[in-house]
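Asks: what's the 3D shape of this:
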Amino acid sequence: MAGELLRTDVGDLTFDVRVDGPEDGRPVLLLHGFPETSACWAAVTPLLTEAGLRTYAPDQLGYSPGARPDGVDSYALQNLAQVTADLMTALEIPVADVVGHDWGANVAWALAGWHSDRVRSLTAVSVPHPAAYTAAFRVDPEQKERSAYIRLFWQQGKAEEVLLADDARRLRRMYDVETSGISPETVDEYVAVLSAPGALTAALNWYRAMSSDTRVDKVEVPTTFVWSDADVAIGRTAAEACEQFVSGDYRFVTLPGITHWIPEQAPEQLAVAILDRIASS
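Replies: Numbering: from 1, shown residues only. Here you go, the predicted model:
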């Protein structure tokens, strides 16, 4: 991934941030999910910077070695959103077009809901508004089945052992190299990051800090939700419910035949959706 790697301090945390594009370009914040790093945007970033945008892709809380606090509470969604807003301030980005995939989408939704003054537009990828996901989980048996893997992630110690055993065989399987577009070399990079002491626990703490009491506000900023119908984690019920929780201009983009790993498998289609959203915001 081209560009510059910055190390940016937020209080006693230090984030690794990949920055690319013209210095005077409109800022775009790219938030990765689990179990990846900012490297997941490698095929998307050039398409954005060619359009004159300035991209900022941090390794998020728990993934940057210098930003790996202990304790599950540090990874509650409220704190993830606040830390992201503080990181924007440290990067001297008062406002940005925000793009998030997977857990990065959850943070992006929360940022847009609770810190709307920091978000010019939102492109959420794969994961819908948290309220849409929660509603689907409660009423849709298919979504409950799709989400069953989370029960393992909640088991501290056991999940780490299961995922990292046998050269991280089960963790590697999650990346679905044959169809996802994620290269074996990139998988090795992700596994190396998550195999560092405390790293996988920090990443799984995002799941362990989940709370049904968390209420993300309805999003008022211009929003695009990009979902793929071959996503094993998020079903159509949750995806189609997303619109109910956006009061601003809303677009729903469906990518047929694409898996959960949209940034790697369909970077051109994702870039088009991002650029269209930015152009109209």
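Asks: what residues are up against residue 153?
Replies: Counting by Cβ atoms under 8 Å, 6 or more residues apart in numbering, residue 153 touches 159, 204, 207-208. Where you see a C-beta, it was placed from the backbone N, CA and C, and this is true even at glycine.
Asks: Mind doing that once more with 7 Å?
Replies: Listed by Cβ atoms under 7 Å, 6 or more residues apart in numbering, the contact set of residue 153 reads 159, 204, 207.
Asks: List the buried residues in stretch 79-91.
Replies: For stretch 79-91, a neighbour-count test (16 or more other Cβ atoms under 10 Å) marks 80-85, 87-88, 90-91 as buried.
Asks: Give me the subset of those lying in helices.
Replies: Per DSSP state H, helices hold the following members of those: 80-85, 87-88, 90.
Asks: Output those in CSV; the columns should cover pLDDT.
Replies: Below are these laid out as CSV (pLDDT from 0 to 100):
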residue, pLDDT
80, 97
81, 97
82, 98
83, 98
84, 98
85, 98
87, 98
88, 98
90, 98
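Asks: Going by distance to residue 27, which of those residues wins?
Replies: residue 88 (8.4 Å; Cβ to Cβ).
Asks: from memory that closest one sits against residue 98, does it?
Replies: No: the pair residue 88 and residue 98 does not pass the contact test of Cβ atoms under 7 Å, sitting 9.1 Å apart.
Asks: Please enumerate the shared neighbours of those two.
Replies: The contact sets of residue 88 and residue 98 overlap at residue 29 (Cβ under 7 Å, 6+ apart).
Asks: quick one: contacts for residue 190?
Replies: Counting by Cβ under 7 Å, 6+ apart, residue 190 makes contact with 35-37.
Asks: pLDDT value on it, please?
Replies: As predicted, residue 190 sits at a pLDDT of 98.
Asks: which helix of this protein spans the most residues?
Replies: Using DSSP H, we find that the single longest helix of the chain is helix 158-174.
Asks: which other helices and strands contact that one?
Replies: With contacts taken as 3 or more Cβ pairs under 7 Å, 6 or more residues apart in numbering; DSSP states H and E, helix 158-174 sits against helix 150-153, helix 184-195, helix 199-208.
Asks: quick one, strands of this protein?
Replies: Under the criterion DSSP state E, strands of the chain are mapped to 4-10, 13-20, 27-31, 54-58, 96-101, 119-125, 223-228, 250-255.
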